[in-house]
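Trainee: show me the folded form of this:
(3 chains)
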Amino acid sequence: METALLFKILYVIAIVAEAMTAALAAGRRQMDWVGVCLLGSITALGGGSVRDVLLGRHPLTWIEHPSYLLITSGAALATIIIARYMHHLRYLFLFLDAVGLVVFSIIGCNIALGLGMPVIIVIASGMITGCVGGVLRDVLCADVPLLFRAELYATVSIVTGGLYVGGGALGLPHEPLMIGAMLAGLALRLLALRFNWHMPKFVYTQDLH
Amino acid sequence: METALLFKILYVIAIVAEAMTAALAAGRRQMDWVGVCLLGSITALGGGSVRDVLLGRHPLTWIEHPSYLLITSGAALATIIIARYMHHLRYLFLFLDAVGLVVFSIIGCNIALGLGMPVIIVIASGMITGCVGGVLRDVLCADVPLLFRAELYATVSIVTGGLYVGGGALGLPHEPLMIGAMLAGLALRLLALRFNWHMPKFVYTQDLH
Amino acid sequence: METALLFKILYVIAIVAEAMTAALAAGRRQMDWVGVCLLGSITALGGGSVRDVLLGRHPLTWIEHPSYLLITSGAALATIIIARYMHHLRYLFLFLDAVGLVVFSIIGCNIALGLGMPVIIVIASGMITGCVGGVLRDVLCADVPLLFRAELYATVSIVTGGLYVGGGALGLPHEPLMIGAMLAGLALRLLALRFNWHMPKFVYTQDLH
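Mentor: Reported below is the predicted structural model:
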């Protein structure tokens, strides 16, 4: 299979998975059906949108391909119907969410590489693409973003991007490197979930003011 | 009266109404006078700003016309003085807020149409223009956005934009169509407020994680 | 010393101070080390980023100079180590934070002046640069932004920018004017902290809806 097609399929899986988990968060806040669609779409497409706005890159993905808005809205609505069974699909969703994280990260890196950005910005672009959607979801639910305390979520994105950029600097062949970086990031995320790995926390109880 | 002038008047009414309701929200959070001006201005001008940033369209409205910043700040400050009487003006404000919603929606549609955007993006542009200001207000008040559970708020914007775009596809004459779509949206919003119409809610109580 | 170099030094001091106070806020929310770096960097660089996105000005500062991302991440991580002593450095940090506020404000004014913006937008650009980072920090901590109720924080930015622009209109020499406006803003902020000056608050307890 051609890589571009593979990425398109993985991208659609990723936005569907993100829209569906966001729909569950909307259900926990008792949002209405329109709110569910909006939160699902913002979560699934928000990371790439923020990346493109920061990079000054237009048109945004969903403005160029409005069908993505229909896909994310449809996935969010479908979640309302199948929500009662989603408890049984828990592991599938955590897996698809992890796939989405590494796919988004590599897509973000590729876009920054295509703009000739320096290494730090390439990795940051991958992390913004992979992680900001979830931050927007949590802010719109009036929660402190999970990203800032979750099991290696941003770390997985940084590691995936770092391996990809580092391997490129070593001259490794492009497509195997890309697949390898994604698999390594996916493995790290799944291990972190399985063994409950966390970054150390910073606990500060004094008040500066 | 010329349509452009009518829209300018309606636009100023809309930003004044949004700034004043945001000022009341600021008062409920006991913000200071500068905070009241800021929250009022962000709420009134935020929807159009986010739309233009997403569409890559510069300069933003308030950067091109800085007097709008003075209008929204002035309206927010005036709210502090007349707040004690606003309880009696409750219905007037709900009405003006509804006018603002449909005016913003049509303005957002027109801007996307002028950029040659596809139908879905035209309707989305109207909804972003009409609804995002209130989302910013609620996020800055650390609330879950009302939009995600309110009486047909986003729905009114979608219906207004949909009628406008659909009528245009049928070749209906432009100005009567625009006025008609706004009146239909306004009627829907007022009926929803009067009869307490809501979209069905999605209630999900399990924890995926 | 050359003014450009002085500003570069003041800018680095400002982003370090903002990253460190944001790191303490992250510690109060028990974020992990990656979250501390992210919150520190977003707070320190977010004001300038929002300004540039609103002005349509690319590339953003940290995209052009990725080393700033390393500085803010490093400052945030260093805070974890020295946090236990920061109580003793309380006044130093409040002072550096005030320096950052006026430096950011003048930088923001200069950028808008360079784009030929009108007076209101020049002052707004200074305020966005000086204040939005802290708003993002508070939103990401699920708090109502301190800005909307703090001791003359936004006011200091407006006064600094207003003196700078007003003095320019009077034909005062550029560099002394810039330094003078910063010192006046700094003095106002320090006096406000010392004597607990506040803008009057707007308290509204009725429910419009």
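Trainee: drop to CA atoms for contacts and neighbour counts, all remaining ones
Mentor: OK.
Trainee: interface residues of chain A facing chain C?
Mentor: A:53-56, A:118, A:120-121, A:139, A:142-145, A:147-149, A:154-155, A:198-206, A:208-209 (Cα under 8 Å from any Cα of the partner chain).
Trainee: in a helix, A:His198, correct?
Mentor: No. Going by DSSP: H, G, I helix; E, B strand; the rest coil, the assignment for A:His198 is coil, not a helix.
Trainee: ok, the residue nearest the centre of chain A - contacts?
Mentor: Computing the C-alpha centroid of chain A and ranking residues by Cα atoms, centre = their mean puts A:Gly130 first, at 3.2 Å. Residues near A:Gly130 by Cα atoms under 8 Å, 6 or more residues apart in numbering or on different chains: A:Gly47, A:Gly48, A:Gly100, A:Leu101, A:Val102, A:Val103, A:Phe104, A:Ser105, A:Gly108, A:Ser157.
Trainee: which one of the residues you listed is nearest B:Met20?
Mentor: For the contacts of A:Gly130, the minimum distance to B:Met20 (Cα to Cα) is 32.2 Å, reached by A:Gly47.
Trainee: the strand or helix carrying that closest one packs against which elements?
Mentor: Taking DSSP states H and E as the criterion, A:Gly47 maps to helix A:33-55. Applying 3 or more Cα pairs under 8 Å, 6 or more residues apart in numbering or on different chains; DSSP states H and E, one finds that helix A:33-55 contacts helix A:3-28, helix A:61-64, helix A:67-86, helix A:119-140, helix B:33-55, helix C:33-55.
Trainee: distance-wise, check A:Asn196 relative to A:Tyr153.
Mentor: 12 Å (Cα to Cα, to the nearest Å).
Trainee: who has more neighbours out of those two?
Mentor: The neighbour count for A:Asn196 versus A:Tyr153, taken as other Cα atoms under 10 Å in any protein chain shown, is higher for A:Tyr153 (26 against 12).
Trainee: check contacts around the closest residue to the more buried one other than its chain neighbours.
Mentor: Counting by Cα to Cα, 6 or more residues apart in numbering or on different chains, A:Tyr153 lies nearest to A:Leu147, which is 6.3 Å off, once chain neighbours are set aside. By Cα under 8 Å, 6+ apart, the contact set of A:Leu147 is A:Cys131, A:Gly134, A:Val135, A:Tyr153, A:Ala154, C:Gly35.
Trainee: identify the residues contacting the fourth one.
Mentor: By Cα under 8 Å, 6+ apart, A:Tyr153 lies in contact with A:Cys131, A:Leu147, A:Arg189.
Trainee: hmm, 10 Å instead?
Mentor: A:98, A:101-102, A:127, A:130-131, A:146-147, A:185, A:188-189, A:192-193, A:198-199, C:34 (Cα atoms under 10 Å, 6 or more residues apart in numbering or on different chains).
Trainee: okay but A:Pro145 is in contact with A:Arg137, surely?
Mentor: Yes. The pair formed by A:Pro145 and A:Arg137 meets the contact definition of Cα atoms under 10 Å, at 8.1 Å.
Trainee: more neighbours: which of the two?
Mentor: Neighbours per residue (other Cα under 10 Å) separate A:Pro145 from A:Arg137, with A:Arg137 holding more: 27 against 23.
Trainee: do any residues in stretch A:92-110 lie close to chain B?
Mentor: Yes. Stretch A:92-110 comes into contact with chain B (Cα under 10 Å from any Cα of the partner chain), by way of A:Phe93, A:Leu94.
Trainee: and A:Gly116, helix, strand or coil?
Mentor: What three-state DSSP gives for A:Gly116 is coil.
Trainee: wait, it touches C:Ile63, no?
Mentor: No. Using Cα under 10 Å as the test, A:Gly116 is too far from C:Ile63 to be in contact (11.3 Å).
Trainee: need the residues touching each of these two.
Mentor: With Cα under 10 Å, 6+ apart as the test, A:Gly116 and C:Ile63 both reach A:Val122.
Trainee: more crowded one of those two?
Mentor: C:Ile63 (20 against 11).
Trainee: list the contacts of the residue nearest to that one when sequence neighbours are not counted.
Mentor: Nearest non-adjacent residue to C:Ile63, counting by Cα to Cα, 6+ apart: A:Ile121, 6.4 Å away. The contact partners of A:Ile121, by Cα under 10 Å, 6+ apart, come to A:55, A:108-109, A:112-113, A:127, C:62-67, C:69.
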